[in-house]
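Q: My questions concern the predicted model and sequence given below.
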Amino acid sequence: MVSVVVPIYNEEELIVKFHEAVANAMEGARTQWEVVYVNDGSSDASLEILRGLQTLDSHVVVVELSRNWGHMGAISAGLQTAHGAAVILMDGDFQDPPEVLPQLIDAWRDGAEVVVAVRRSRQESRKLLAALFPLFYRLLGSLSDYPIPLNAGIFSLMSRKCVDSVNALGERNRYLPGLRAWVGYRNKVVYYDRQDRLAGDGKLSFISRIKYAMDAITSFSYKPLRLSFALFMFACTMSVLLLGSMFFVKTSVATVGLGVASTVFFVGGLLLLSIGVLGEYVGRVYDEVRSRPLSIISRVHRFPAMLAPQVGMMGVQAETNYQNGKATEAA
Ligand code: UDP
Ligand code: MG
């Protein structure tokens with residue numbers, strides 16, 4: 001069986017159309033399948049619509065999270081709940097086109113353990129984001145201590161082995177495209193053209209995107225930490241040069257005062273920058289030490305027919321581990 005995991009946050013306009021498109025694509029893929037919709041604490045009618053879909057289509061599994069946990073929390077809950085021998089991750093706004101699903105499955109059948117959908121092109125109506133994406137990938141590419149495929153998001157297929165490896169990673173601040181590459185296994189790439197979201201506004205705030213970008217960089221590179229050393233070298237060189245120039249320049253007391261003040265601000269800025277970078281890492285270390293879960297599942301709605309005995313046990317087990325507490329599996 002192939003599981004498709006889709007995080008959903010306030011997507012009431014899109015769900016029915018999206019499910020139709022996924023169902024069409026999966027019917028053509030000659031395999032058993034399920035779609036695990038993870039309702040990430042939606043405040044609109046998304047949950048009711050998903051539950052309604054479930055009465056019409058037994059392929060639908062609905063995971064309810066205890067509140068809104070964010071994209072990565074929802075995806076992690078889906079990865080823990082999916083039973084498939086392969087699991088596909090995709091967004092529910094048509095930016096990851098459902099027509100590509102059969103290609104991902106075919107590549108897996110041909111022997112790939114991980115099939116990454118890489119963006120050949122990208123349509124983005126938000127101009128600031130469109131400008132920042134290439135910048136982010138360039139920065140990540142040059143800083144990362146480990147090769148990570150660029151221009152790839154969560155849209156991908158992972159074999160059961162790979163999903164189990166990713167689930168076993170305890171990291172809290174996750175950059176999934178990086179971890180998916182880090183666990184290894186035989187990778188294959190499928191190219192697609194990324195569309196704009198079909199309806200509604202993007203649900204991820206600018207701040208949460210910046211945090212995600214920082215997660216990506218801090219979890220795959222120590223280089224920003226070495227920045228303080230580069231700044232130290234720069235500050236030393238400047239101080240020697242300035243000291244030397246003192247003997248040649250005759251100037252008024254006022255100019256000297258301004259010069260000193262500007263130097264103090266400049267050096268202060270460099271120091272604060274280093275402390276800020278350090279803080280990004282220390283904050284993440286604090287998150288890891290606290291070991292809070294990435295999200296909490298409040299209920300899983302699954303058709304009883306889909307619960308093969310041993311597979312069902314694995315599912316319940318995974319949820320129990322995941323929540324570090326009690327799991328509820330409701331039909
Ligand atoms: N999403 C989620 N929780 C959130 C924000 C978003 O589950 O807190 C879902 C959303 O419904 C969509 C996917 O994650 O299916 C990607 O979100 P969005 O399209 O807003 O992100 P973008 O494409 O703008 O990066
Ligand atoms: Mg989107």
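A: Looks like it came in fine. Ligands and ions are numbered 1, 2, ... in the order given.
Q: And the average pLDDT for stretch 158-176 is what?
A: Mean pLDDT, computed over stretch 158-176, is 91.
Q: what ranges do the helices span in the stretch 201-331 of the chain?
A: Secondary structure of the stretch 201-331 of the chain (DSSP state H, counting those that start in this stretch): helices at 206-220, 223-245, 253-290, 309-323.
Q: Now tabulate the ones you listed in JSON lines and tack on mean neighbour count and distance to A45.
A: Backbone N, C-alpha and C define where each C-beta goes, glycine included. Below are these laid out as JSON lines (neighbours: other CB atoms under 10 Å; distance: least, CB to CB, whole Å):
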{"stretch": "helix 206-220", "mean neighbour count": "17", "distance to A45": "23"}
{"stretch": "helix 223-245", "mean neighbour count": "12", "distance to A45": "43"}
{"stretch": "helix 253-290", "mean neighbour count": "12", "distance to A45": "33"}
{"stretch": "helix 309-323", "mean neighbour count": "15", "distance to A45": "25"}
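Q: and N167, how many neighbours?
A: Around N167 there are 16 other residues, counting by other CB atoms under 10 Å.
Q: Quickly note the distance from it to V60.
A: In this view, N167 and V60 are 22 Å apart by CB to CB, to the nearest Å.
Q: Stretch 17-24 close to ligand 2?
A: No: using CB under 5 Å from the ion, stretch 17-24 stays clear of ligand 2, with a minimum separation of 11.6 Å.
Q: Now do that stretch: distance to the chain's middle.
A: Distance of stretch 17-24 from its chain centroid, counting by CA atoms, centre = their mean, to the nearest Å, is 23 Å.
Q: cool, stretch 53-62 as well?
A: In terms of CA atoms, centre = their mean, the centre of stretch 53-62 is found 26 Å from the chain centre.
Q: near ligand 2, which residues of the stretch 101-250 of the chain?
A: Residues of the stretch 101-250 of the chain that fall close to ligand 2, judged by CB under 5 Å from the ion: R197.
Q: Tell me where the stretch 101-250 of the chain is predicted with low confidence.
A: Counting by pLDDT under 70, not a single residue of the stretch 101-250 of the chain qualifies.
Q: now with 80?
A: Along the stretch 101-250 of the chain, segments meeting pLDDT under 80 span 122-127, 129, 246-250.
Q: ranges for the strands of it?
A: Here the stretch 101-250 of the chain has its strands, by DSSP state E, counting those that start in this stretch, at 114-122, 152-159, 187-194.
Q: Can you verify my assumption that P147 contacts A181?
A: Yes: between P147 and A181 a contact is recorded at 6.9 Å, counting by CB atoms under 8 Å.
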